[in-house]
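Q: here's a sequence, model it:
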Amino acid sequence: MAQENVYDNRSIVEKYIHHKLWKKGYVWEEDRGGTRHDPCSALHKVLREAGDELERLYQSDFAEMSKQLHLTSITAQQRFTAVIDELFRDGVNWGRIIAFFEFGGTVCVECVNKEMTAHVDNIAGWMTEYLNGPLHAWIQENGGWEAFVELYGRQRDSVFRSSWSSIVTVFGLAALGAVGLTIGAYLAQK
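A: Sure, this is the predicted structure:
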């Protein structure tokens, strides 16, 4: 049985976002990592590696989706949540959870690029709420974060092989729907 108390979803989200911002040369004041020993370091490492691999495969797609959201103070939460809801509409799996983190991190980078840094903490909060809410039961029923660390370490390729293209398609459609564009207009651009 997974140890629910070992992992703090807010900390997991913050460390992931910090990593994404750090890679782009940004510093986020919410990073409270310090130098103390982190019992979740294996999870953070694996999640960063998985997200980095997804980014490497689909960086331009994620960046374009993030830009298409046209986040403002008024629309940010609704549009972000619409994309995430669409991502998990057909079910949850570890690949989609990685995509959830990567999308959140990409949107945070886009917000900092557009001098909307205040949204970074908001996005971290929305991601944490989603992990604590709709995703919590699935994560626990599937062995918790420990199972993800083990699965990624053992079957890294299978985590990525099955669903990345469908995940990117889902994100693209959700992002377009969130800003009111038609699917036909999207396909006409391709």
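
Q: pull the contacting residues for Pro134.
A: Taking CB atoms under 8 Å, 6 or more residues apart in numbering as the definition of contact, the neighbours of Pro134 are Phe88. Heads up, the C-betas are built off the backbone N, CA and C, glycines and all.

Q: numbering from 393 from now on, please.
A: Will do, 393 is the new start, and the previous item becomes Pro526.

Q: please tell me how far it sits from Glu441.
A: When CB to CB, to the nearest Å is the yardstick, Pro526 and Glu441 sit 25 Å from each other.

Q: next: Ile476.
A: Shown here: Ile476 relative to Glu441, a distance of 22 Å by CB to CB.

Q: how about Gly536?
A: 19 Å.

Q: mind listing what's buried along the host helix or strand of Val541?
A: Counting by DSSP states H and E, the secondary-structure element that holds Val541 is helix 536-546. Buried residues in helix 536-546, counting neighbours by 16 or more other CB atoms under 10 Å, are found at 536-537, 540-541, 543-544.

Q: what's the lowest-pLDDT member of those?
A: The pLDDT minimum for the buried residues of helix 536-546 sits at Tyr544, where the score is 86.

Q: element containing the nearest residue to that one once chain neighbours are set aside?
A: Spatially, and ignoring its direct neighbours in sequence, Tyr544 is nearest to Val438 (4.7 Å; CB to CB, 6 or more residues apart in numbering). Assigning secondary structure by DSSP H and E places Val438 in helix 433-460.

Q: just the CA trace of the helix holding Val541, in CSV.
A: Extracted in CSV, the C-alpha atoms of helix 536-546 (Å, rounded to 0.1, in the frame of the first residue of the first chain):
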residue,chain,number,x,y,z
GLY,A,536,0.9,6.0,-5.2
TRP,A,537,3.9,8.0,-6.3
GLU,A,538,6.2,5.1,-5.4
ALA,A,539,4.6,3.1,-8.2
PHE,A,540,5.3,5.9,-10.6
VAL,A,541,9.0,6.0,-9.6
GLU,A,542,9.3,2.2,-9.9
LEU,A,543,7.4,2.1,-13.2
TYR,A,544,9.4,4.9,-14.8
GLY,A,545,12.7,3.4,-13.6
ARG,A,546,11.7,-0.1,-14.9
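
Q: before we move on, the earlier item: okay, Ile476 and Glu441: which has more neighbours?
A: The neighbour comparison of Ile476 against Glu441 (other CB atoms under 10 Å) goes to Ile476, with 22 against 14.

Q: check contacts around that one.
A: The contact partners of Ile476, by CB under 8 Å, 6+ apart, come to 492, 495, 518, 522, 566.
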